[in-house]
Every structure is written in C-alpha cells, then in structure tokens.
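> what's the 3D shape of this:
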Amino acid sequence: MPEFIPDISVLLAFGAATFILAVTPGPDMAYFISRTINYGKSHGVAAVLGALTGLFAHTLLAAFGISVLLALAPSAFFVLKIIGALYLFWLAIQALRATGTMTLQNKTGRPPTLAQSYFTGLGINLTNPKIVLFFVTFLPQFVSSNDPHASGKLLFLGAEFLIISIPIVLGVVVMAGWLGHVLVNSIKAQRALNWSFAAVFASFAIAILTLEGKR
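Numbers count the residues shown, from 1 in each chain. This next block holds a predicted model:
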C-alpha cells in the first residue's frame with residue numbers, strides 16, 4: 001500500500017465521521033432542499049456542485065496549511081490538535097442543545113439561473129467560518145506530527161471526504177421533497193441526527209485528549 005494512504009482504521013474512523021457530518025442538517029442541506037423543491041433538481045445539483053467546490057478548496061487549504069505548520073512548528077501542531085479536540089467537544093454539546101427545526105427558503109421573485117444556484121452554494125461553504133475551523137481542527141486529528149507522509153495523507157483524507165459526501169448530498173437532491181417534509185416537521189428526526197453527530201464527535205474528542213495527554 002502506498003505510504004500516503006492512511007491505515008484502514010483511520011480511513012474507517014474518518015469515513016464514519018464524514019458520513020455523520022454529511023447527513024446532519026445544516027445551512028447547506030437546507031439550501032439544497034430549498035433549491036430543488038422550488039426550482040427543480042437541476043438547481044439542486046448546481047447548488048451541490050457549488051458547495052462541493054467550496055469543500056474542495058477548504059480541504060486543499062487545510063492540508064497545505066497543516067503541512068507547513070508541521071514543517072515549521074511541530075510543537076504548534078500539538079496545540080492545534082488539543083484545540084481541535086476541544087472544538088469537536090463543543091460541536092457535540094451544541095448538537096445536543098439544538099432544538100429548532102430546519103427552515104427552508106420559499107420560492108420568491110424571478111427564478112435564479114443555474115450559475116446563481118452554483119455560486120450561492122459555493123459562497124455558503126467558502127464564507128462559513130465554522131467550516132473553515134472544522135477543517136483546520138478536524139483533519140489534523142488523523143495524522144501524526146512525526147509522519148513524513150502527513151501532507152499526502154491529509155490530501156487523501158480530503159479526497160475521501162468528498163467521495164463519501166457526493167452520493168449523500170446528491171441523494172438529498174433526489175429525495176428533497178420527502179427530506180424537506182421530514183426535517184421541517186419532525187423534531188425527533190433532527191434530534192436523532194444531532195445525537196448521532198454529538199456521539200461521534202464527543203468520542204473523537206475524548207479519545208484525542210486521552211491520547212495526547214499520555215504523550
């Protein structure tokens with residue numbers, strides 16, 4: 001196996017976290033569903049492609065930025081991992097506290113162009129500081145500071161993130177009508193997803209803090 005490919009255990013753990021993150025309701029999912037319900041599947045797909053472009057940009061920036069940090073300040077990488085673990089724990093608490101239902105935009109004014117749907121989806125992910133912080137703090141948890149192939153592994157994990165996310169978000173577009181009804185009207189459905197999100201990220205945070213504390 002090429003050295004830039006992480007261990008199977010890492011791939012599975014990262015894949016599980018990616019899946020939970022992708023299926024948890026958020027501003028991007030609400031946008032995909034709204035665009036699809038209001039203007040058709042072509043606009044839903046355009047919105048998805050825009051959002052995925054934003055995620056790809058974040059992945060590249062995070063991977064190269066973390067690689068530079070590893071090369072220039074290895075001790076700062078340890079601090080980043082601890083901050084990341086605390087941030088994951090905070091995300092878990094926020095998910096448990098979330099009680100509101102998803103709000104979908106209603107159809108208004110002139111229909112947008114496909115380009116507008118794409119660039120709005122791109123903007124939602126590019127300008128969301130929570131996504132920036134998530135990538136910067138989450139990706140480092142899956143590499144070691146003394147790994148000479150860390151940059152390659154970070155990029156590989158970024159590719160895994162996109163590969164897992166693509167069928168999920170396209171599935172959201174295909175099932176937009178049903179998902180919109182369930183997520184808007186069912187607090188139980190949203191709570192179940194939020195609790196799943198909280199369980200996964202709290203377990204990651206605890207494992208990271210325990211491991212780093214022993215070093």
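> When you work out contacts or count neighbours from here on, use the C-alpha atoms and nothing else.
Noted.
> tell me the contacts of residue 108?
Listed by CA atoms under 8 Å, 6 or more residues apart in numbering, residue 108 has no contact partners.
> Tell me the secondary structure at it.
Of the three states, residue 108 takes coil according to DSSP: H, G, I helix; E, B strand; the rest coil.
> mind checking how far it is from residue 180?
As for residue 108, its distance to residue 180 is 18 Å (criterion: CA to CA, to the nearest Å).
> Just give me how far the lengthiest helix in the chain sits from the chain centre.
The longest helix of the chain (DSSP state H) is helix 41-72. Here helix 41-72 is found 10 Å from its chain centre; the criterion is CA atoms, centre = their mean, to the nearest Å.
> Now do the buried residues in that helix.
By neighbour count on 16 or more other CA atoms under 10 Å, the buried set for helix 41-72 is 41, 43-63, 66-67, 69-70.
> pLDDT of it, averaged?
Across helix 41-72, the average pLDDT comes to 87.
> ok, residue 37 touching residue 178?
No. At 10.0 Å, residue 37 does not count as touching residue 178 under the criterion of CA atoms under 8 Å.
> Could you count how many residues lie near residue 3?
With neighbours defined by other CA atoms under 10 Å, the count for residue 3 comes to 11.
> show me the contacts for it.
Applying CA under 8 Å, 6+ apart, the residues contacting residue 3 are residue 149.
> same question, residue 118
Residue 118 touches 43, 46-51, counting by CA under 8 Å, 6+ apart.
> Who has more neighbours out of residue 37 and residue 178?
residue 37 (21 against 11).
> in which helix or strand would I find the more buried one?
helix 27-39 (DSSP states H and E).
> Please name every helix or strand in contact with that helix.
helix 41-72, helix 114-126, helix 150-174, helix 176-185 (3 or more CA pairs under 8 Å, 6 or more residues apart in numbering; DSSP states H and E).
> Redo the ones you listed as JSON lines? Include distance to residue 144.
As requested, the helices and strands packed on helix 27-39 are exported to JSON lines (distance: least, CA to CA, whole Å):
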{"stretch": "helix 41-72", "distance to residue 144": "9"}
{"stretch": "helix 114-126", "distance to residue 144": "27"}
{"stretch": "helix 150-174", "distance to residue 144": "7"}
{"stretch": "helix 176-185", "distance to residue 144": "38"}
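> For stretch 97-109, give the distance from the opening residue to the closing one.
By CA to CA, the extent of stretch 97-109 from end to end equals 35 Å.
> pLDDT of that stretch, averaged?
Averaged over stretch 97-109, pLDDT sits at 68.
> swap in stretch 117-124?
For stretch 117-124, mean pLDDT is 92.
> CA-only coordinates of that stretch, as CSV, when you get a sec.
Coordinates of each C-alpha in stretch 117-124 appear next as CSV, following Å, rounded to 0.1, in the frame of the first residue of the first chain:
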residue,chain,number,x,y,z
SER,A,117,-27.5,28.4,-7.7
TYR,A,118,-24.0,27.2,-8.1
PHE,A,119,-22.3,30.3,-6.8
THR,A,120,-24.6,30.6,-3.9
GLY,A,121,-23.8,27.1,-2.9
LEU,A,122,-20.1,27.9,-3.3
GLY,A,123,-20.5,31.0,-1.1
ILE,A,124,-22.3,29.2,1.7
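> Which of the residues in it are classified as buried?
Using 16+ other CA under 10 Å as the burial criterion, the residues of stretch 117-124 that qualify are 117-124.
> Check the offset of that stretch from the chain's centre.
Between the centre of stretch 117-124 and the centre of its chain there are 16 Å (CA atoms, centre = their mean).
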